[in-house]
Each structure stands twice: as structure tokens, then as C-alpha cells.
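Novice: Requesting a structural model of the entry that follows:
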Amino acid sequence: MTTQTPPVSNRTRLRLAAVIFLAQSFFSASTIAAFTLSPIIAANLSGSETSAGIPNTLTLIGRALFAFPFGTLMDRFGRRLALAGGYFFSVLGALISIWAILENSYVGFLAGAFLFGMSRSSGDQSRFVAAEIFPIERRAKVIGTIIFAGTIGAIGGPLLVPPSTRIMASLGLEGSAGPFVVAAAAMLIASLIVAFFLFPDPKQIGRLTADEEAAADSSSIENYAEQRPLREIFASPLVILATLAMTIGYFVMAFIMVITPLHMAHHDHSTTAISTTIMWHTLGMFGLSWLTGYLIDRFGRIAMIAAGSVILILSTILAPLSTGLPLISLALFLLGLGWNFSFVAGSSLLSDALSARERARAQGAAETLVSLAAGGASLGVGFVFQRGDIVLVSLIGFVLAFLLLVSLILLTRLDQATRARLVAPAD
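Specialist: Residues are numbered from 1 along each chain as shown. Presented below is the predicted three-dimensional model:
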């Protein structure tokens, strides 16, 4: 006599998603709080302003190097332990950074930044963990909701900086260590939330959800008996498209966003005006994520990647047209929204194209490419801006966003042709 596994309850899924959302909110706020003063601290500790960007570079390197190993760890030890451990790396990074600031150690501060980057890999992949516990038709909405946690970080993180610096100064200690103290506490809370409340493990729920989908649809990818090697997975047109949507979308967004404050400063905008523009950009990136998921589930992954591409193209056209605050803010808002559409839709498409046994490993590999794109944008944009100002920066962004749209057309046609050959009757 065989026993049938009971279906996963919606209540269990929602509870696990709430745990991930709460942990990611703490993680996001603490990360932004810690790195608000990072360039200033780096310049002070090193004695040179040319060193101000090195901590952020090391963070990006750590993020890229750890993305794929983190996916492997999730497969081996489960999502709960891997996420909790990944978040805890940021606690270590914050503690090392505090020590470095108090002891005036630039090398120590760089080590802390690298650990922060390793931890970012876990935070970035938490959206996939939340998605796998839900059926296909609900994954985009869940991914959008988890990304919406970044809104809490964008608002709460900077608000934590002034009081934490004042408290540290009142204790006779270096005030700039304050945000890292807050970050360590918040990141520890995030790690403990996952360690104690993420039960049952999302990996187990994901496998049960995959079994339900396999039983309900004979054509489901979950019915594949074998786990495909990465080379075969990334030869799939839809996997290529999903990866391109995430990497190109991230590159174009970071490429223009990073240099906009400097561009505005060159045209005598105040810090208030620059902050307002970045606020609108952040709103475009995170503020509508809850709606993005609904739109993706309503209109489809491909359509929303196309919409994201078009919005990115529009933002690259608007960015260099005027130095006036309204148009710059609109361009940056659209830049964030275009990233949001392409990133959430690409993440959803990637999750759909993978079986439960393939997801963590393949998503980790894709996340490595996304991290490299973000790092490449941050490192290269200064050189481009020096050569051709915002016009050249926007032109490169336009070309890449346009190539994403062209790739979408070609890859979807290739996928349709491949499917047609598979279902065609043999002669």
C-alpha cells in the first residue's frame, strides 16, 4: 500500500514567504545603512579619495565569487541553513568593519566589505527561495514582493545613519562606526529569523510543489527524469533570455544610476536635488514591485521583459536631454522601473524554466553573471563618463537595452521553433 503525500497548504507557503520577506527587510536596511558612509570612511582610513570606491568594488567581487557556491550550498544543506549562514556573513563583515574603523585599519575595512559582498549573494537569491515554494502562476508575484523588501531598506537604512553616529560619538567612540553597529544587530536578527522560523525547509516544499505540478501537467519540466548539466540548461533559449533580461537590465540601470549624482553635480544641482532624483529612482526600482508581479502573472514573462526593455530605452533617451530636475528625475524613475520589470520577469522566467533539482545551482550561476554585470557597470562608467559625459553613457545603455529587445524576439522565435520540432510527428 502506498501513501500519498498531502498537498502543500497555502498557509504554509504564505508563512514561509513572510519569514523570507521579514528577514530580507532587515538585511536590506542594514546593508544600505552600513554603506551609506562607506566611501567617506574608506577615504579617511586610506588617506586618499581615490580609494573611496574600493570597498564597493570588493563587495561586488565577493558577491560575484560567492553566488554560484551559495547555490550549491543551498542544494546540499537546504535553503534554511544556507540563507541563515549567508546572512551571518554580513554580521561578521559588520563586526570586522567596526573594529577596522575604531583601530584605523583600512585593510580591515576592505575585508569587512568583501564579507558583505559574500552575504549579498544570499540576500539576492532569497527571491528564488520564496518563488520555488509557490506554483508557477504565483511565482512572479512572490518574487516582486520579496524585491519590494528593498523599499524598506531604501527608506529605513539612511534614516538609521544620523542617530547611530550620534550615539557612538556620545560614547566617545568614532561616530562613523555607528551604522555598522546597527547593521550587525539587524543582520543578526535576519539570520536568526531564518534559522528559527523558516520551517519546513523551502527546498522540501519546493520538491512537493514540483511533484504536484508534474502530476497535473505531463509536459511540465518537473517530469524530466534527469538533472541537466549547466551547459545544457544555459543552451535553452528561455534560460538565455531570462539571464539576459537580468544581466542587461542590471547593467543598464547601474551604469546610468551610478554616474547620475556626478552628472548632476557638474550642472550645479544641490545635494537635496540629487537625493530627490535618487529617491525617485529607488521608487521605480522597488516601490512598485508588488504590482510588477501581478502584471507579470497577468500578461506573461515575455511581454513584461519586452516592456522593461522599452522603458529602459526610453530612460536612456531622456537622461541626456535636459539638466532640469523634473526630466532627470523622470528618466531615473523610468530607469528603475525598467530594471524592475526586466529583473522580476527574468527571475520568474528562469525559475519556470528549471526543475526543482536544478534551480539552486543554475540560479546561482545566473546570479554570478548578474553580479559581474553590476560590477562591470560600476567600474567602467567613470571611464566612459570622462570620455563622453552622460551622452556616451546613455548611448551605451540605449544600445544594450535595444539588444535585449532584439534578443527577446529572436530567442522566443527559436524557442517556438524548438518546441514545434519536438512535437512534430515522426515520418
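Novice: C-alpha from now on. contacts and neighbour counts both.
Specialist: Will do.
Novice: Okay, now the unreliable bits of the stretch 51-200 of the chain?
Specialist: In the prediction, the stretch 51-200 of the chain carries residues with pLDDT under 70 at positions 51-53, 154.
Novice: residue boundaries of the helices in it?
Specialist: Under the criterion DSSP state H, counting those that start in this stretch, helices of the stretch 51-200 of the chain are mapped to 54-77, 79-103, 106-132, 136-170, 178-197.
Novice: what does the first one rub up against?
Specialist: Going back to what we said before, that points to helix 54-77. The contact list for helix 54-77 (Cα atoms under 8 Å, 6 or more residues apart in numbering) reads 38-39, 42, 81-83, 86, 109-110, 113-122, 203, 360-372, 374-375, 378-379.
Novice: relative orientation of it and helix 79-103 in degrees?
Specialist: Put simply, helix 54-77 runs at 150 degrees to helix 79-103, going by axes from the mean of the first three to the mean of the last three Cα atoms, to 10 degrees.
Novice: got the CA coordinates for helix 54-77 in CSV?
Specialist: Coordinates of each C-alpha in helix 54-77 appear next as CSV, following Å, rounded to 0.1, in the frame of the first residue of the first chain:
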residue,chain,number,x,y,z
ILE,A,54,37.5,50.2,-3.5
PRO,A,55,35.2,48.8,-0.7
ASN,A,56,32.2,48.8,-3.1
THR,A,57,34.4,47.1,-5.7
LEU,A,58,35.3,44.4,-3.2
THR,A,59,31.7,44.0,-2.2
LEU,A,60,30.8,43.4,-5.9
ILE,A,61,33.7,40.9,-6.2
GLY,A,62,32.6,39.0,-3.1
ARG,A,63,29.0,39.0,-4.4
ALA,A,64,30.1,37.5,-7.8
LEU,A,65,32.5,34.9,-6.4
PHE,A,66,30.1,33.5,-3.8
ALA,A,67,26.9,33.5,-5.9
PHE,A,68,27.4,30.1,-7.5
PRO,A,69,28.9,28.3,-4.4
PHE,A,70,25.9,29.6,-2.4
GLY,A,71,23.6,27.9,-4.9
THR,A,72,25.5,24.7,-4.4
LEU,A,73,25.3,25.1,-0.6
MET,A,74,21.5,25.5,-0.8
ASP,A,75,21.2,22.2,-2.7
ARG,A,76,23.5,20.4,-0.2
PHE,A,77,22.4,21.8,3.1
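Novice: how far out from the middle of the chain is it?
Specialist: 12 Å (Cα atoms, centre = their mean, to the nearest Å).
Novice: rewinding a little: so for Ile317, which of the helices of the stretch 51-200 of the chain sits nearest?
Specialist: With distances scored as Cα to Cα, the stretch of the helices of the stretch 51-200 of the chain nearest to Ile317 is helix 136-170 (26.1 Å).
Novice: List the buried residues in the closest one.
Specialist: For helix 136-170, the neighbour count (16 or more other Cα atoms under 10 Å) marks 136, 138-158, 160-161, 164-166, 168 as buried.
Novice: Check stretch 191-207 too.
Specialist: 191-195, 198, 201-207.
Novice: Same question for stretch 361-380.
Specialist: 361-379.
Novice: that older thread, can you tell me which of the helices of the stretch 51-200 of the chain comes nearest to Gly47?
Specialist: Short answer: helix 106-132, nearest of the helices of the stretch 51-200 of the chain by Cα to Cα, at 9.3 Å.
Novice: Would you map the helices across the stretch 251-400 of the chain?
Specialist: 271-282, 289-299, 301-318, 325-352, 359-423.
Novice: For those helices, could you give me a markdown table that also reports mean pLDDT and distance to Glu213?
Specialist: Shown next, in a markdown table, are those (pLDDT from 0 to 100; distance: least, Cα to Cα, whole Å):
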| stretch | mean pLDDT | distance to Glu213 |
| --- | --- | --- |
| helix 271-282 | 80 | 36 |
| helix 289-299 | 89 | 17 |
| helix 301-318 | 97 | 19 |
| helix 325-352 | 95 | 11 |
| helix 359-423 | 90 | 15 |
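Novice: List the residues that contact the closest residue to Ala131 other than its chain neighbours.
Specialist: Leaving aside its sequence neighbours, Ala131 sits nearest to Arg139 (Cα to Cα, 6 or more residues apart in numbering; 4.9 Å). Contact analysis of Arg139 by Cα under 8 Å, 6+ apart lists 131-132, 293, 297, 348.
Novice: Isn't Ser351 up against Arg359?
Specialist: Yes. In this structure Ser351 lies within contact range of Arg359 using Cα atoms under 8 Å: 6.8 Å.
Novice: Which residues are in contact with Pro261?
Specialist: Ile274.
Novice: repeat that for 10 Å
Specialist: 267, 269-271, 273-275, 277-278 (Cα atoms under 10 Å, 6 or more residues apart in numbering).
Novice: Check Glu226 and give its pLDDT.
Specialist: Glu226 carries a pLDDT score of 65 in this model.
Novice: what's the neighbour count on Gly112?
Specialist: 26 (other Cα atoms under 10 Å).
Novice: cool, His269 as well?
Specialist: His269 has 16 neighbouring residues, counting by other Cα under 10 Å.
Novice: Tell me the confidence at it?
Specialist: 84.
Novice: ok so, going back, which one of the helices of the stretch 51-200 of the chain lies closest to Ala307?
Specialist: Judged by Cα to Cα, the one of these that comes nearest to Ala307 is helix 136-170, at 15.1 Å.
Novice: And the closest one, how far out from the chain middle?
Specialist: 13 Å.
Novice: Now do that helix and helix 178-197, the angle between them.
Specialist: 140 degrees.
Novice: what is the orientation angle of helix 136-170 with helix 289-299?
Specialist: Using the same axes, to 10 degrees: helix 136-170 against helix 289-299 is 170 degrees.
Novice: Begin at 31, not 1, for the rest of this chat.
Specialist: With 31 as the first residue, the last one maps to helix 166-200.
Novice: Quick check on Val38: phi, psi?
Specialist: Here is the backbone geometry of Val38 (degrees, to the nearest 10): phi -70, psi 130.
Novice: who's in contact with Phe371?
Specialist: Counted by Cα under 10 Å, 6+ apart, Phe371 has contacts 174, 275-276, 279, 314-315, 318-319, 322-323, 325-326, 331, 333-339, 341-342, 377.
Novice: Could you give me the ChimeraX selection string for whichever of those are buried?
Specialist: For the buried members of the contacts of Phe371, the matching ChimeraX selection, counting by 16+ other Cα under 10 Å, is:
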select :174,275,276,279,314,315,318,319,322,323,325,326,331,333,334,335,336,337,338,339,341,342,377
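Novice: ok, for the residue nearest to the spatial centre of the chain, nearest residue in space, not its chain neighbours?
Specialist: Taking Cα atoms, centre = their mean, the centroid of the chain lies closest to Asp154, which sits 4.5 Å from it. The shortest distance from Asp154 to any non-neighbouring residue, by Cα to Cα, 6+ apart, is to Glu397 (7.9 Å).
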